[in-house]
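Peer 1: got a structure for you, letters missing:
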């Protein structure tokens with residue numbers, strides 16, 4: 001069962017802050033995407049290559065708070081306080097043609113397969129019941145699109161592509177075992193850290209003005 005990196009997720013305190021962050025980091029403007037009513041969030045989106053995109057997401061205070069925890073840890077006080085200071089690369093998402101099978105094969109809890117919609121788009125998404133980041137953001141969520149054409153094909157191409165995604169981890173053997181169980185080990189490059197060092201992500205983005213980096217802050 002093949003998987004691919006589907007998208008990268010930048011968390012922001014609000015969309016204006018997130019758009020400005022992408023402009024500062026990558027030198028491009030990322031267009032508005034839409035509203036996730038069931039998640040209490042909204043986003044901006046842009047292509048990052050073939051069937052791949054970048055998402056800037058934030059809590060949407062103009063719609064009711066959902067009954068369930070928001071995704072990507074956006075209700076976590078620690079994450080909320082950090083993105084108030086500056087947006088950050090929160091995590092990554094992989095694409096699979098069979099989310100149910102992927103969840104069953106994973107040797108860690110991906111959460112439950114939940115049906116989500118935004119406008120005319122619908123998809124299944126792996127959601128932990130508490131909305132937490134998986135592995136502190138180092139492990140990916142998983143998505144199964146219910147569409148014949150990947151939605152990134154309709155997103156704006158501003159000349160950016162993902163060059164590579166790299167994970168710096170203090171327990172790399174633990175990480176490799178879990179990524180292998182969801183057929184994602186070959187999708188990223190893993191670097192060893194000392195046990196007392198904090199794990200983090202780095203996305204290398206090829207932009208119109210050269211390779212730029214996006215970092216996680218946890």
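Peer 2: Arrived safely. Because the structure is a prediction, the values reported are computed rather than measured.
Peer 1: lowest average confidence, helix or strand, in the chain?
Peer 2: Using mean pLDDT, DSSP states H and E, the weakest-scoring helix or strand in the chain turns out to be strand 112-118, at a mean of 92.
Peer 1: Okay, now the sheet partners of that strand, with direction.
Peer 2: Strand pairing for strand 112-118, determined by DSSP bridges: strand 121-127 (antiparallel).
Peer 1: Pull out the buried residues from the strand it pairs with.
Peer 2: For strand 121-127, a neighbour-count test (16 or more other CB atoms under 10 Å) marks 123-127 as buried. All C-beta spots, glycine's among them, are computed from the backbone N, C-alpha and C.
Peer 1: Using CSV, lay out these together with distance to residue 38.
Peer 2: Shown next, in CSV, are the buried residues of strand 121-127 (distance: CB to CB, whole Å):
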residue, distance to residue 38
123, 12
124, 13
125, 10
126, 15
127, 10
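Peer 1: Lowest-confidence one in these?
Peer 2: Ranked by pLDDT, the buried residues of strand 121-127 bottom out at residue 127, which scores 93.
Peer 1: Please give the element, helix or strand, for residue 90.
Peer 2: Assessed by DSSP states H and E, residue 90 sits inside strand 88-95.
Peer 1: following that strand, which helix or strand comes up?
Peer 2: Downstream of strand 88-95, the next assigned helix or strand under DSSP H and E is helix 99-105.
Peer 1: which residues make contact with that following helix from outside it?
Peer 2: 1, 3, 96, 110-113, 124-126, 142-144, 181-183 (CB atoms under 8 Å, 6 or more residues apart in numbering).
Peer 1: Which stretches in the chain count as strands?
Peer 2: Ranges of strands within the chain are 4-11, 32-36, 41-47, 53-59, 88-95, 112-118, 121-127, 141-145, 161-169, 189-192, 200-207, 210-215, based on DSSP state E.
Peer 1: Quick check: mean pLDDT of the fourth one?
Peer 2: Think strand 53-59. Rounded mean pLDDT across strand 53-59 is 98.
Peer 1: on contacts alone, who are the packing partners of it?
Peer 2: Applying 3 or more CB pairs under 8 Å, 6 or more residues apart in numbering; DSSP states H and E, one finds that strand 53-59 makes contact with strand 4-11, helix 15-26, strand 41-47.
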